[in-house]
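1. build the 3D model from these lines:
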Amino acid sequence: MTQDSSGTSAGAATGPAAENEALAARAAAGDPAALDMLLRAIRPEVVRRCGRFLLYREDAEEAGQDVLLQVARHIHRFEGRSRFSTWLHTIVANCARQKYRELKRRAVEEPMLPAENGGAPDGRPDPRTTSVIAGSRVDFLDALERLERESPHLVAPLVYRDLCQMDYAEIVDRLDIPLGTVKSRLHHARRQIRPWLSTSF
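-> Residues are numbered from 1 along each chain as shown. From the prediction side, this is the model:
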């Protein structure tokens with residue numbers, strides 16, 4: 001197996017990845033048994049990926065359930081022009097970020113519960129939505145929300161590369177833009193959010 005100029009391994013997927021690709025193709029063609037097998041196979045990886053966005057496993061698991069539901073509902077849209085794993089990355093990113101927005105909204109709308117009822121000790125803010133140390137994942141997610149407001153075209157490359165840890169070739173394939181554009185947007189996105197990670201919003 002060789003590597004291309006972007007540092008991505010070239011060649012067909014093997015092992016479980018190849019099995020998932022085959023299951024996805026069958027599920028997209030309308031095979032319910034293949035869909036059921038696919039959902040069971042990808043669940044652990046989906047939760048792990050959601051955990052890159054969300055600090056608490058319970059939140060990651062809830063987001064993971066949302067991902068699996070979206071896959072089940074929309075697998076017919078998967079046309080096989082890109083890898084299933086690439087298609088799945090997008091759903092994971094969208095569902096995990098949506099879960100974080102829900103947590104933030106809930107933190108604003110609902111009063112903090114006393115510790116004995118499941119709230120934070122001493123009435124402290126919910127640590128799932130409030131960072132303690134600048135530069136944490138929570139700060140990063142807040143920075144993404146701000147970046148989406150100010151420079152929305154820079155968000156996807158940053159999410160796919162730094163949170164989803166996708167190969168450049170996958171990002172190029174998903175966004176349908178040249179590799180140079182992906183790298184340029186990623187550079188500008190990182191530079192734009194860097195000051196936001198050390199200052200309060």
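2. could you chop the protein up by domain?
-> Here the chain is described, according to automatic domain parsing, as comprising the domains 14-121, 131-201.
3. now render these as a markdown table, adding mean pLDDT and mean neighbour count.
-> Just so you know, the C-beta spots here come from the backbone N, C-alpha and C atoms, and that holds for glycine as well. Putting the domains of the chain into a markdown table (pLDDT from 0 to 100; neighbours: other CB atoms under 10 Å) gives the following:
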| stretch | mean pLDDT | mean neighbour count |
| --- | --- | --- |
| domain 14-121 | 88 | 16 |
| domain 131-201 | 87 | 16 |
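4. residues contacting the residue most central in space within the chain?
-> Centrality entry for the chain: nearest residue to the mean C-alpha point is Ala93, 2.4 Å, by CA atoms, centre = their mean. Contact criterion CB atoms under 8 Å, 6 or more residues apart in numbering gives Phe53, Val159, Tyr160, Leu163, Cys164 as the residues in contact with Ala93.
5. in a markdown table, list those along with secondary structure.
-> A markdown table is the format used below for the contacts of Ala93 (DSSP: H, G, I helix; E, B strand; the rest coil):
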| residue | secondary structure |
| --- | --- |
| Phe53 | coil |
| Val159 | helix |
| Tyr160 | helix |
| Leu163 | helix |
| Cys164 | coil |
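6. and of those, the nearest to Ala33?
-> When the contacts of Ala93 are compared for distance to Ala33 (CB to CB), Cys164 comes out closest, at 28.6 Å.
7. how about the closest one, nearest residue that isn't a chain neighbour?
-> Counting by CB to CB, 6 or more residues apart in numbering, Cys164 lies nearest to His89, which is 4.7 Å off, once chain neighbours are set aside.
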